[in-house]
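Visitor: Next comes the sequence, and after it the predicted model I'd like to discuss.
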Amino acid sequence: MLPVLAFTPGEPAGIGPDLAIMMSQQHWSAAIVVCADINLLRQRAEQLALTVELRPYNGQRPTSPTPKGVLLVEHIPLAKTATAGVLNVENGPYVVDTLTRASEGNLSGEFDAIVTGPVHKGIINDAGIAFSGHTEFFANLANKNDVVMMLATEGLRVALVTTHIPLAYVNKAITPDRLTKILTILHNDLVYKFGEVNPKILVCGLNPHAGENGYLGREEIEVIEPVLNELRNKGLNLHGPLPADTLFQPKYLDTAAAVVAMYHDQGLPVLKYKGFGNAVNITLGLPFIRTSVDHGTALDMAATGNINSGSCQLAIQTAIDMVRASQNE
Ligand SMILES: NC(=O)c1ccc[n+]([C@@H]2O[C@H](COP(=O)([O-])OP(=O)(O)OC[C@H]3O[C@@H](n4cnc5c(N)ncnc54)[C@H](O)[C@@H]3O)[C@@H](O)[C@H]2O)c1
Ligand SMILES: N[C@H](C(=O)O)[C@H](O)COP(=O)(O)O
C-alpha cells in the first residue's frame with residue numbers, strides 16, 4: 001500500500017515552510033500531506049521563486065504518490081500572517097494545532113507516519129503552552145510514558161536516556177526503571193525495525209570517566225551497572241558504562257549498532273558534528289512512525305533560498321522506509 005505521510009513544517013517564521021516547498025520539487029514514492037497554512041506556503045514559494053501547485057487535501061486516502069511540483073495541503077490557519085525570521089507569539093497555538101492534527105491522523109490510521117520540521121520551543125511556551133519538544137508532545141498525546149529519542153547519521157546512531165530537561169534534573173531522571181525501558185525499546189527496535197542481529201549497544205556513563213570507580217560520581221555503580229547486568233542476563237548485548245569522552249572512536253563504534261547517551265548534550269553534539277544536515281531524528285516507542293530533521297528553526301535562513309534540505313530529505317525517506325518495513329512485518 002502507498003505510504004501516506006503527514007508533514008508538519010513547524011515554526012512558520014523558520015525554514016520549515018521552505019523545506020515543505022523544496023520537498024515538492026522532487027519525486028517521492030509516497031503521498032505527503034502537509035499540515036500547515038496554505039497561504040503561508042504560497043507566500044514562501046513566491047519568496048523562494050519556486051513553482052508549486054498547492055492542492056487542498058480532501059481527507060480521502062491518496063492512492064498515488066504526490067506528483068512532483070504539487071503539495072497536498074491540510075489547511076490549518078495561522079493566527080497572524082507570518083514574517084520569515086520573525087517569531088510571533090500569537091502563532092504558537094497554530095504550531096501545536098498542526099502537530100495535533102498530524103498525530104491524530106496517525107493514531108486513527110489516516111496517515112502512516114509523521115515527519116516534522118523544526119519548531120521553536122520557546123515561542124510555544126511564551127504562548128502559554130507547556131512544550132518541551134515533539135518527542136514529549138507525541139508521547140503525551142499517545143499516552144506513552146517512555147519513548148526514545150534517537151538521532152542517526154551514516155555510521156552512528158545515538159539514543160538518549162533523558163531528553164529536554166534542565167541539566168540540574170538529569171541525575172534524578174536516570175532511574176533504573178527509565179534506563180531499563182529505554183534500553184529495552186532501543187534493543188527491540190534495532191532488531192525488529194532496523195534488522196540488526198544481536199545489536200551491540202554502547203552505554204555512556206553519566207559522570208566524568210564513568211565515575212572513576214565512584215570517586216567522581218556514584219550513578220554508574222548504583223544505577224547504570226545493575227541495570228546493564230540485569231539486561232545482559234536477558235540477552236541484551238550491552239557494553240558499559242563507558243567514559244563518554246573516549247567511546248566515540250572507530251575502535252568502539254565500528255562494531256556498535258547504537259550509543260546510548262545519558263543526556264542531550266552528551267551525545268548529540270558528537271552526532272551533529274559528524275552528520276549535521278545529513279542526520280534524522282527518530283522517535284522510538286510511539287504507536288506510530290515519527291521522524292524529524294536534525295536542525296532547528298534557523299530563523300536567520302528562512303526565505304533566503306540558501307538552506308540545506310538534506311536532513312529533511314533523509315527524514316522523509318526514512319519514514320517511507322519504516323512504513324514499508326512495517327507493512328512487510
Ligand atoms: N526538530 C526540531 O523541532 C528542532 C531541532 C533542533 C532545534 N530546534 C529548535 O530550533 C530553535 C533554534 O535552535 P538553534 O539555533 O540551536 O539551532 P538551529 O539548527 O536552528 O541553528 C543553528 C545554526 O545552523 C544553521 N542551520 C540550521 N539548519 C540549517 C539548514 N537546514 N540549512 C542551513 N543552515 C542551517 C542556522 O542558520 C544556525 O546558524 C530552538 O528553539 C530549538 O529548540 C528544533
Ligand atoms: N533534541 C532535538 C535535536 O537536537 O535535534 C530537537 O530539539 C528536536 O527534538 P524533538 O524532536 O523532540 O522536538
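Guide: Here it is on my side, so go on. Keep in mind the model is a prediction, meaning the values are calculated, not measured. Ligands and ions are numbered 1, 2, ... in the order given.
Visitor: For V96, grab the count of nearby residues.
Guide: Neighbour count of V96, defined by other Cβ atoms under 10 Å: 15. The way it works is simple: take the backbone N, C-alpha and C, and place the C-beta from them, glycine included.
Visitor: residues in the stretch 151-300 of the chain within reach of ligand 2, list them.
Guide: Counting by Cβ under 6 Å from any ligand atom, the stretch 151-300 of the chain comes close to ligand 2 at 264, 268, 281, 292, 294.
Visitor: For the last one, pull up the helix or strand it's in.
Guide: Element membership for D294 (DSSP states H and E) is empty, with no helix or strand holding it.
Visitor: got a list of what it touches?
Guide: D294 makes contacts with 151, 153, 271-272, 275-281, 311, as judged by Cβ atoms under 8 Å, 6 or more residues apart in numbering.
Visitor: Closest to ligand 2 out of those?
Guide: N281 (5.0 Å; Cβ to the nearest ligand atom).
Visitor: CA-only coordinates of the helix or strand hosting the closest one in CSV, if you can.
Guide: In this structure, N281 sits in strand 280-284 according to DSSP H and E. What follows is strand 280-284, C-alpha atoms only, in CSV (Å, rounded to 0.1, in the frame of the first residue of the first chain):
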residue,chain,number,x,y,z
VAL,A,280,17.5,12.1,11.1
ASN,A,281,15.7,12.2,14.4
ILE,A,282,13.5,9.1,15.0
THR,A,283,11.2,8.6,18.0
LEU,A,284,11.1,5.0,19.1
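Visitor: can you list contacts of that strand?
Guide: By Cβ under 8 Å, 6+ apart, strand 280-284 touches 134-135, 138-139, 147-153, 159, 185-186, 189, 193, 290-294, 311, 314-315, 318, 322.
Visitor: Is the helix or strand that it is followed by positioned near ligand 1?
Guide: Downstream of strand 280-284, the first helix or strand assigned by DSSP H and E is strand 289-292. Yes: for strand 289-292 and ligand 1, the contact criterion (Cβ under 6 Å from any ligand atom) is met by S292.
Visitor: Quick check: what element follows strand 289-292 along the chain?
Guide: helix 310-327.
Visitor: tell me how far the strand holding N281 is from the chain's mean position?
Guide: 4 Å (Cα atoms, centre = their mean, to the nearest Å).
Visitor: so what strands line up beside that strand?
Guide: strand 148-153 (antiparallel), strand 289-292 (antiparallel) (DSSP bridges).
Visitor: mind checking the SS state of V33?
Guide: Put simply, V33 is strand when judged by DSSP: H, G, I helix; E, B strand; the rest coil.
Visitor: can you count the residues close to it?
Guide: Counted with other Cβ under 10 Å, residues neighbouring V33 total 25.
Visitor: In contact with it, which residues are there?
Guide: 4-7, 57, 62, 72-74, 105, 111.
Visitor: next one: D146
Guide: Contacts of D146 (Cβ under 8 Å, 6+ apart): 139, 178, 181-182, 185, 285.
Visitor: one more time with 7 Å, if that's ok
Guide: When contacts are counted by Cβ atoms under 7 Å, 6 or more residues apart in numbering, D146 touches 178, 181-182, 185, 285.
Visitor: that older thread, separate out the buried members of the contacts of strand 280-284.
Guide: For the contacts of strand 280-284, a neighbour count by 16 or more other Cβ atoms under 10 Å gives the buried set as 134-135, 138-139, 147-153, 159, 185-186, 189, 193, 290-294, 311, 314-315, 318, 322.
Visitor: Quick check: residues of the stretch 201-329 of the chain near ligand 1?
Guide: Within reach of ligand 1 by Cβ under 6 Å from any ligand atom, the stretch 201-329 of the chain has these residues: 292-293, 295-298, 300-301, 307-308.
Visitor: hmm, which of these are the buried ones?
Guide: 292-293, 295, 297-298, 301, 307-308.
Visitor: ok so, going back, D37: which of the strands paired with strand 280-284 is closest?
Guide: strand 289-292 (19.9 Å; Cβ to Cβ).
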